[in-house]
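In: I need the structure of the sequence given here:
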Amino acid sequence: MEVIESRIDTKSEEYKKNEHHMMALVADLRQELERARTERSEKARARLKEQNKLSVRERIDHLLDRNTPFLEIAPLAARGLYDKKVHGAGIVSGIGIVEGHEVIIHANDSMIKGGTVYPMGVKKGLRTQTIAMENHLPIIYLVDSGGAYLPLQSEIFPDVDDGGRIFYNQAILSKMGIPQICGVMGLCTAGAAYIPAMSDEVVHVKGTGAIFLGGPPLVRAATGEEVTADELGGADVHCRESGVSDYFAEDDEHCIDIIRQIVKALPPSRKAEIPRREPRAPLYDQNEIYGIVPRNLSTPYDVREVIARMVDGSEFLEFKARYGPTLVCGWAYIHGYEVGILGNNGILFSDSSLKATQFIQLCDKRGIPLIFLQNINGYIIGKEYERGGITKDGHKMVNAVATATVPKFTVIIGASFGAGNYGMCGRGYSPRFLWMWPNAQIGVMGGEQAAQVMITVKNDQLARQGNPPLPEEMVEQIKAPIIASAEREGNAYYSTAQMWDDGILDPVKTRDVLGLAISAALNAPLRDDRYGYGTFRM
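Out: This is a model prediction of the structure:
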């Protein structure tokens, strides 16, 4: 492989302006993440201390092997939703290492609304289970939940991707042979009671842990029976009498120690084999990414400069370098794992779409994971290009992305608009993981484009009626709210709040995050090519 020759002038005024802009975005991101981690009421903190419980972060720290990384999933889920205080959707979820095993953890944060589950909390739970299923990762539930947040029960209970799907997935995980271990560290009320009931092994904490379908208030209302939470579903009840729980724990620390012993006894995972070599750092400083990415998404730049600061030794074997230049494709290594990278250098044309299709097929046949670096405004449009077959050529690329069986990873490093989102493996195309950079934007199209389309449609209507076009002041009145809405709903924070992604990344951390994600993905076998490819329209 050849080393990418960087042409970036790190002393230029443009570089410095870009760097300052991106560093400000990253500083905001760090502030948001810190707020999500630490902003809790004094009342909630006092209640936790009174119950002699560890916080959710302390529980996870105790659970993970020392000095090992934790890849948190969707840490800013539900940001700005509800009362703006349901940080992380009330759940901490992520991939870590326990007794040498890669696992995924799903832990309720009882300091947020007593651990009650909001609609986005359900979505985060389902996402956690999807990651477990796709990557064959054991899942550890640390349950401390008052059940569904009842004022929003219609958004939590009845639909195909609502609360009941959590337990459906538990049954599927069990059928797949994926271990599920549950620590009952607080209330497991109503639907939350099924999480331990459907897990393989359950560790139950004395005094604070309780499992019941209906809590003491509901029992009193329904039957008139007066009963405490511990009498109704405490550790002694379920370890001695019902048999729901398997291990009796004296406190949170003891519970976590037992969980670690359970994980230690699991059989070792047999990782899928892909081409590997000794890891090497990039030749170029990763911090230079800050100055490479333009302040304005419409400003072009060479994605190879980003790749050079992300891959081992800055080495890259480019595929069809002179053909379809608006898409860069090639092979490289990240933390020793061979990957195929697709990065946008402009709009997708027929030639770049065909190049992508061939490249994806090659990687899929060779068992090489795919990484998509999205900065795309879409596929080319216009009479000439429609006659040239852009629709069917774009279809080939979308088909190949959808049917590729190797692990796929997507990072939105700029724009993600229109069908370009699909062709570059957006959320709907099942990448194992998808992240955004803080400068990223996503939508059907950019705000200015959307506004211009609406103006054009309106003027066409007026012309058919024999009326003059809209006056300039009315054009501005129509455009302003459309642009404002697109900017509000298309930015990275809106996306991550809705869990359209797995989190916003500091660009400098992208290489390490990809390395962790690739390692986790290899716990699942590379799938058989049972169906091959769909029909490519020629």
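In: where does pLDDT dip in the stretch 401-538 of the chain?
Out: 528-531, 535, 537-538 (pLDDT under 70).
In: one more time with 80
Out: Applying pLDDT under 80 to the stretch 401-538 of the chain flags the ranges 445-449, 486, 527-538.
In: what are the ranges of the strands in it?
Out: Using DSSP state E, counting those that start in this stretch, the strands of the stretch 401-538 of the chain run over residues 408-417, 433-436, 441-443.
In: out of those, nearest to residue 108?
Out: Distances from residue 108 to each of the strands of the stretch 401-538 of the chain were compared using CB to CB; the shortest belongs to strand 433-436, at 22.5 Å. Yep, even glycine has a C-beta here, placed from its N, CA and C like the rest.
In: what does the closest one contact?
Out: Outside of strand 433-436, the residues within contact range by CB atoms under 8 Å, 6 or more residues apart in numbering are 131, 409-412, 425-427, 442, 492, 495-496, 500-505, 510, 513, 517.
In: was I right about residue 3 contacting residue 314?
Out: Yes: if you go by CB atoms under 8 Å, residue 3 and residue 314 touch, sitting 5.2 Å apart.
In: more neighbours: which of those two?
Out: residue 314 (22 against 13; other CB atoms under 10 Å).
In: and the pLDDT at residue 384?
Out: Listed pLDDT for residue 384 reads 94.
In: secondary structure element for it, which one?
Out: When elements are assigned from DSSP states H and E, residue 384 belongs to helix 383-387.
In: go through that helix and flag the buried ones.
Out: Counting neighbours by 16 or more other CB atoms under 10 Å, one finds that the buried residues in helix 383-387 are residue 385.
In: may I have it exported as CSV, CA atoms only?
Out: As requested, C-alpha coordinates have been extracted for helix 383-387 and formatted as CSV (Å, rounded to 0.1, in the frame of the first residue of the first chain):
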residue,chain,number,x,y,z
LYS,A,383,-31.9,15.4,-18.2
GLU,A,384,-28.4,14.4,-19.4
TYR,A,385,-27.8,12.2,-16.3
GLU,A,386,-31.2,10.6,-16.4
ARG,A,387,-30.7,9.6,-20.0
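In: which residues of the stretch 351-500 of the chain fall in helices?
Out: 383-387, 390-403, 419-423, 447-464, 472-490, 492-497 (DSSP state H, counting those that start in this stretch).
In: out of those helices, which is closest to residue 71?
Out: Each of those has some distance to residue 71 by CB to CB; the shortest is helix 492-497, at 15.0 Å.
In: phi first, then psi, for residue 148.
Out: Backbone dihedrals for residue 148, given as degrees, to the nearest 10, come out at phi -70, psi 140.
In: tell me how many other residues surround it.
Out: Considering only other CB under 10 Å, residue 148 is surrounded by 23 other residues.
In: name the nearest residue to it, sequence neighbours excluded.
Out: Counting by CB to CB, 6 or more residues apart in numbering, residue 156 is the residue found nearest to residue 148 once chain neighbours are left out, at 4.8 Å.
In: that neighbour: how many residues sit nearby?
Out: Each residue near residue 156 was counted by other CB under 10 Å, and the total is 23.
In: right, and it touches residue 164 too?
Out: No: applying CB under 8 Å, one finds residue 156 not in contact with residue 164, separated by 9.6 Å.
In: can you give me the strands in the stretch 201-350 of the chain?
Out: According to DSSP E, counting those that start in this stretch, the stretch 201-350 of the chain carries its strands in the segments 201-205, 210-212, 247-249, 315-319, 327-334, 337-344.
In: any idea which of those gets closest to residue 290?
Out: When the strands of the stretch 201-350 of the chain are compared for distance to residue 290 using CB to CB, the nearest one is strand 337-344, at 17.6 Å.
In: what lies in contact with that closest one?
Out: Outside of strand 337-344, the residues within contact range by CB under 8 Å, 6+ apart are 274-277, 303-304, 306-307, 311, 316, 326-333, 356, 359-360, 362-363, 368-376, 414, 420, 424, 514-515, 518-519.
In: same question for that strand, mean pLDDT?
Out: Regarding strand 337-344, the rounded mean pLDDT is 98.
In: what angle separates that strand from strand 327-334?
Out: Orientation note: strand 337-344 sits at an angle of 160 degrees relative to strand 327-334 (axes from the mean of the first three to the mean of the last three CA atoms, to 10 degrees).
In: my read: residue 157 touches residue 166, true?
Out: No: Residue 157 is not in contact with residue 166 according to CB under 8 Å; the separation is 11.3 Å.
In: from the chain's centre, how far out does stretch 87-104 sit?
Out: From the chain centre to the centre of stretch 87-104 is a distance of 13 Å (CA atoms, centre = their mean, to the nearest Å).
In: let's number from 3 now, not from 1
Out: Okay, using 3 as the starting number, the last item reads as stretch 89-106.
In: ok, and for that stretch, which residues are buried?
Out: Here stretch 89-106 shows 89-101, 103-106 as buried, counting by 16+ other CB under 10 Å.
In: brilliant, that's me finished.
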